[in-house]
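**Student:** no FASTA, just this:
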């Protein structure tokens, strides 16, 4: 089991990428709210690490508005409930949002909204598992482990062209 990390620059600031064996295991913002322990990061990766090069290229394409789906292999580690929530996040289409309550209802109990929020906030693969697509019940931007400015950036990036055009007039 080889765990490693690297950093890349992005329009959202420096991102730390982590991997274990042949899969991406984390994308973390500067000041990320729920950083894992130092063991999670492993050793620095060689500069020519193919997995990180691929991940960096896909993240760059996504942030440039040229990619809507990630293809880099990834795996998020978490408890069974977190895994359920993260699987639901992966089903949210590009350019769409859902509320924490809607996710809780899909999981069988609207009262799970806070637990869903906690799981969303601990998603280790920001952008790849699109936790930024979850908003408050009234559409408000609520907590984001990478900061609300980054969440706003990502949602505006994904906003459908028709919605952007309607704001012009």
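**Tutor:** It's in. Quick caveat, the model's predicted, so the values are computed rather than measured. Residues are numbered from 1 along each chain as shown.
**Student:** report how many residues lie close to residue 99.
**Tutor:** By other Cβ atoms under 10 Å, the residues close to residue 99 number 18. C-beta coordinates here come from the backbone N, C-alpha and C atoms, glycine included.
**Student:** how near is the residue nearest to the spatial centre of the chain to residue 29?
**Tutor:** Nearest to the mean C-alpha position of the chain, by Cα atoms, centre = their mean, lies residue 126 at 1.8 Å. Using Cβ to Cβ, to the nearest Å, residue 126 is found at 7 Å from residue 29.
**Student:** shared neighbours, the two?
**Tutor:** 145, 146 (Cβ atoms under 8 Å, 6 or more residues apart in numbering).
**Student:** quick revisit: ok, the residue nearest to the centre of the chain - contacts?
**Tutor:** By Cβ under 8 Å, 6+ apart, the contact list for residue 126 reads 27, 28, 29, 32, 132, 145, 146.
**Student:** 10 Å instead?
**Tutor:** Going by Cβ atoms under 10 Å, 6 or more residues apart in numbering, residue 126 touches 12, 15, 26-29, 32, 59, 132, 144-146, 150-151, 154.
**Student:** among those residues, which one lies nearest to residue 80?
**Tutor:** residue 26 (19.2 Å; Cβ to Cβ).
**Student:** for the helix or strand containing the closest one, packing partners?
**Tutor:** Using DSSP states H and E, residue 26 sits within strand 23-29. Packing partners of strand 23-29 (3 or more Cβ pairs under 10 Å, 6 or more residues apart in numbering; DSSP states H and E): strand 3-8, strand 15-20, helix 38-41, helix 50-63.
**Student:** let me see the mean pLDDT of that strand.
**Tutor:** Taken as a whole, strand 23-29 has a mean pLDDT of 97.
**Student:** got the angle for that strand vs strand 3-8?
**Tutor:** Relative orientation of strand 23-29 and strand 3-8, computed by axes from the mean of the first three to the mean of the last three Cα atoms, to 10 degrees: 40 degrees.
**Student:** start the count at 368 instead of 1 going forward.
**Tutor:** Will do, 368 is the new start, and the previous item becomes strand 390-396.
**Student:** what's the angle from strand 390-396 to helix 417-430?
**Tutor:** Using the same axes, to 10 degrees, strand 390-396 lies at 50 degrees relative to helix 417-430.
**Student:** what angle do strand 390-396 and strand 382-387 make?
**Tutor:** Using the same axes, to 10 degrees: strand 390-396 against strand 382-387 is 160 degrees.
**Student:** tell me which residues in strand 390-396 are buried?
**Tutor:** Under the neighbour-count criterion of 16 or more other Cβ atoms under 10 Å, strand 390-396 has 391, 392, 393, 394, 395, 396 buried.
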